[in-house]
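[1] I need the structure of the sequence given here:
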Amino acid sequence: MEIDVDLLVITDPNRIEAARHVWTTDTAGDVAVTSYSNRCPWQLYHREEGILAITFAEFVLVAGYISPNVLLEDFETYIDRITILIIQAPKRVILMGDFNCKAIIAGSQYTNNRGRIFADMMMATGLICLNDGTYTFEARGHRTVLDLTLIDSRWDAHTFHWCVLESDTGSDHRATLLVMDSSHAPAHASSKPPRLNGWQINMVVNRTAAKLANNNELTPLVLQNIITEETARIHQSVNRKHPVYWWSPEIALQRNRLQYWRRKKYRLRAGGGPPFEAALNEFAAARRELNYMIKRAKRNRWRELCSELDSDPWGRAYQIVMKRFGRRLPVLTSENATAQLTDLFPVRDACRFE
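    Next up, the predicted model:
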């Protein structure tokens, strides 16, 4: 198979071929990445067993592979490592790989235990799957979806073109192609549909039902795009808030970690045992760290405000004080003017020197 690509991601590669071509692999040799052009320079970001991450342009590409023979507990630990890596990534993430799981939200016809864990990871990281249900694996007449491609949900799905290639790869797996439309780059994302005041559930449900009825090729990705497009119109006034003055990307990252461990704690609560205790401890530690970061951010912002007051008396400190008065300024009468002058210039006895 020959095709002009910038980056090539291979899961479970042939060890001899990987060594002969000097591909960049994970520590176990289960994932390989290489480039065939100078149009897309990249750098190694992270590497461990079964996980390989690189950075290029405004992306972090995470590639992974895990064997179908590992235990469910080991699979969950593996997905946890990927989740933490995605949450801590400095850029928006593209996730590709063979995770040997079945989930309806990822294009399969049903969801197994591994698929439920993978779906939880998608919810925790905000990723959406581009697979449209086309099979990517075929062996002995059995066809299924194994090779997955996921992108950050903050991107417009129309920015990317994903498809399964018909070319022969010499393997049971079929090659998938991901192309990004440069005219719809994340920095120039298409405009969002106008938002409506209130939920207006009936209107949204009717529009969604009409689009579903008129769509002859209904796939999980199409369904997700339709629902996302319609629910994006929903907007409550309580959400029209600006970030608080002490908010920062580091605090947002720590909050994502806290939410991740909260979901994991609730998922393991029924089973109990050491896994639940470990998740509970991680949740408590993440909550303490978040509270500490918020207190430290508030303290630092207060110190910055006090230091700016000396250099710029009409800056933010003045604006904060004036906002407390509202639109109406305090009325200065003769009585309170005299009181203010007395406080500012107190009358004292004259000093006599003999």
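[2] in the protein, which segments are predicted with low confidence?
    Residue ranges of the chain with pLDDT under 70: 1-3, 15-20, 156-158, 181-209, 211-242, 325-330, 350-354.
[3] According to the record, where do the domains of it fall?
    7-186, 191-237, 253-325 (automatic domain parsing).
[4] in the longest helix anywhere in the chain, what counts as buried?
    For the chain, the helix that runs over the most residues, judged by DSSP state H, is helix 273-311. Residues 275-276, 279, 282-283, 286, 290, 293-294, 297, 301 are the ones in helix 273-311 that count as buried (16 or more other C-beta atoms under 10 Å). (C-beta placed from N, C-alpha, C; glycine too.)
[5] what's the answer for stretch 36-52, then?
    For stretch 36-52, a neighbour-count test (16+ other C-beta under 10 Å) marks 42, 45-47, 50-52 as buried.
[6] How about residues contacting that stretch?
    4-8, 24-28, 30-33, 35, 53-57, 60-66, 78, 81-82, 85, 89 (C-beta atoms under 8 Å, 6 or more residues apart in numbering).
[7] Please indicate which of the residues you listed are buried?
    By 16+ other C-beta under 10 Å, the contacts of stretch 36-52 give 5, 7, 25-26, 30-33, 35, 53-56, 60-66, 78, 82, 85, 89 as buried.
[8] Which of those residues fall in helices?
    If you go by DSSP H, these have 78, 82, 85 in helices.
[9] any chance of those in CSV, plus distance to Gly170?
    As requested, these are arranged in CSV below (distance: C-beta to C-beta, whole Å):
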residue, distance to Gly170
Tyr78, 27
Ile82, 28
Leu85, 31
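[10] which one of those is nearest Glu308?
    For those, the residue nearest Glu308 by C-beta to C-beta is Leu85; the value is 38.1 Å.
[11] How many neighbouring residues does Asn256 have?
    Neighbour count of Asn256, defined by other C-beta atoms under 10 Å: 18.
[12] Spatially nearest residue to it, not counting backbone neighbours?
    Spatial nearest neighbour of Asn256, chain neighbours left out: Ile87 (4.9 Å); criterion: C-beta to C-beta, 6 or more residues apart in numbering.
[13] Burial check on the one you found, number of neighbours?
    By other C-beta under 10 Å, neighbour count at Ile87 equals 17.
[14] Got phi/psi on it?
    Phi and psi for Ile87, reported as degrees, to the nearest 10, are phi -60, psi -40.
[15] Tabulate the buried residues of stretch 36-52 (CSV), appending distance to Thr169.
    Shown next, in CSV, are the buried residues of stretch 36-52 (distance: C-beta to C-beta, whole Å):
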residue, distance to Thr169
Trp42, 23
Tyr45, 27
His46, 27
Arg47, 24
Gly50, 21
Ile51, 23
Leu52, 19
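[16] Sitting in strands, which of those residues do you find?
    Mapping the buried residues of stretch 36-52 onto strands (DSSP state E) picks out 45-47, 51-52.
[17] and these, which two are the farthest apart?
    Farthest apart among those - using C-beta to C-beta - are Tyr45 and Ile51, which lie 10.5 Å from each other.
[18] For the stretch 51-200 of the chain, which segments count as helices?
    For the stretch 51-200 of the chain, applying DSSP state H, counting those that start in this stretch gives helices covering 72-87, 113-125.
[19] Repeat that for the stretch 201-350 of the chain.
    Under the criterion DSSP H, counting those that start in this stretch, the stretch 201-350 of the chain contains helices at 201-214, 220-231, 249-268, 273-311, 316-325, 334-344.
[20] For the last one, list the C-alpha coordinates in CSV.
    Presented in CSV, the C-alpha positions along helix 334-344 are these (Å, rounded to 0.1, in the frame of the first residue of the first chain):
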residue,chain,number,x,y,z
SER,A,334,-21.4,69.8,53.8
GLU,A,335,-21.7,67.6,56.9
ASN,A,336,-19.9,64.6,55.6
ALA,A,337,-17.4,66.8,53.8
THR,A,338,-16.5,68.5,57.1
ALA,A,339,-16.2,65.1,58.7
GLN,A,340,-13.9,63.8,56.0
LEU,A,341,-11.7,66.9,56.2
THR,A,342,-11.5,66.5,60.0
ASP,A,343,-10.4,62.9,59.6
LEU,A,344,-7.8,63.8,56.9
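[21] which residues of the stretch 51-200 of the chain fall in strands?
    51-56, 59-65, 92-98, 127-129, 137-139, 142-144, 147-152, 160-164, 176-180, 196-197 (DSSP state E, counting those that start in this stretch).
[22] Turn these into CSV, columns for distance to Leu344.
    As requested, these are arranged in CSV below (distance: least, C-beta to C-beta, whole Å):
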stretch, distance to Leu344
strand 51-56, 59
strand 59-65, 59
strand 92-98, 56
strand 127-129, 61
strand 137-139, 82
strand 142-144, 82
strand 147-152, 58
strand 160-164, 66
strand 176-180, 65
strand 196-197, 50
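[23] Minimum distance to Gly107: which of those has it?
    The closest of the strands of the stretch 51-200 of the chain to Gly107 is strand 127-129. By C-beta to C-beta, the value is 6.2 Å.
[24] And that closest one, what does it pack against?
    The helices and strands touching strand 127-129, judged by 3 or more C-beta pairs under 8 Å, 6 or more residues apart in numbering; DSSP states H and E, are helix 113-125, strand 147-152, helix 220-231.
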